[in-house]
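Colleague: Build me a model:
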Amino acid sequence: MRILFLDIDGVLNHEEGSIYFEDEKVRILNKILTTTDANLVVTSTWRLGATPEEMDEVLSSKGVLPGRVIGVTPYLDDQRGREIQEWLETWTPRYQIEKIVILDDRNDLAPLDGALVRTSKTIGLTEQDANLAIQFLNSTQPI
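Modeller: Now for the predicted structure:
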């Protein structure tokens with residue numbers, strides 16, 4: 001299974017915008033999902049207090065492909081790299097995870113920064129970011 005760890009702010013929108021889910025950014029995310037057959041794990045602070053099912057409902061109501069959210073990371077003092085690592089340690093045996101990519105505008109992803117496609121919070125997700133994420137997820141290299 002391929003997993004895309006998804007932040008929302010700075011990825012599906014940009015800091016100067018007033019729309020939380022920009023149509024173009026959602027279209028680009030869907031391109032990644034369909035090209036790689038990846039599932040989503042939400043890392044954004046939007047996940048706090050929400051179940052994976054609730055996050056899937058929110059995202060699909062904004063145009064993200066439905067049924068793709070399989071998890072949300074735990075909250076560990078807003079240390080995103082540790083949160084993702086904890087999720088992977090818990091769920092990799094169940095989901096047989098082969099590949100991951102992280103879409104985020106932050107850079108505090110150690111020890112997983114090698115899987116990061118860092119977006120610009122002033123621009124959000126771009127086609128170039130998507131192509132890099134697709135390359136990561138479809139590569140034959142280990143996670």
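Colleague: surely residue 119 meets residue 101?
Modeller: No - at 11.8 Å, residue 119 and residue 101 do not qualify as touching, with contact defined as Cβ atoms under 8 Å. Where C-beta positions appear, they are placed from N, C-alpha and C, glycine not excepted.
Colleague: the more surrounded of the two?
Modeller: Per other Cβ atoms under 10 Å, whichever of residue 119 and residue 101 has more neighbours is residue 101, with 26 against 23.
Colleague: Can you classify that one by secondary structure?
Modeller: strand (DSSP: H, G, I helix; E, B strand; the rest coil).
Colleague: how close does it get to residue 7?
Modeller: Per Cβ to Cβ, to the nearest Å, residue 101 is found 12 Å from residue 7.
Colleague: hey, which helix or strand in this structure has the poorest pLDDT?
Modeller: Here the helix or strand of the chain ranked lowest by mean pLDDT, DSSP states H and E is helix 80-95, holding a mean of 93.
Colleague: show me what contacts the residue nearest the centre of the chain?
Modeller: Centroid-nearest residue in the chain, with Cα atoms, centre = their mean: residue 6, separated by 1.7 Å. Contact analysis of residue 6 by Cβ atoms under 8 Å, 6 or more residues apart in numbering lists 29, 40, 41, 42, 43, 44, 103.
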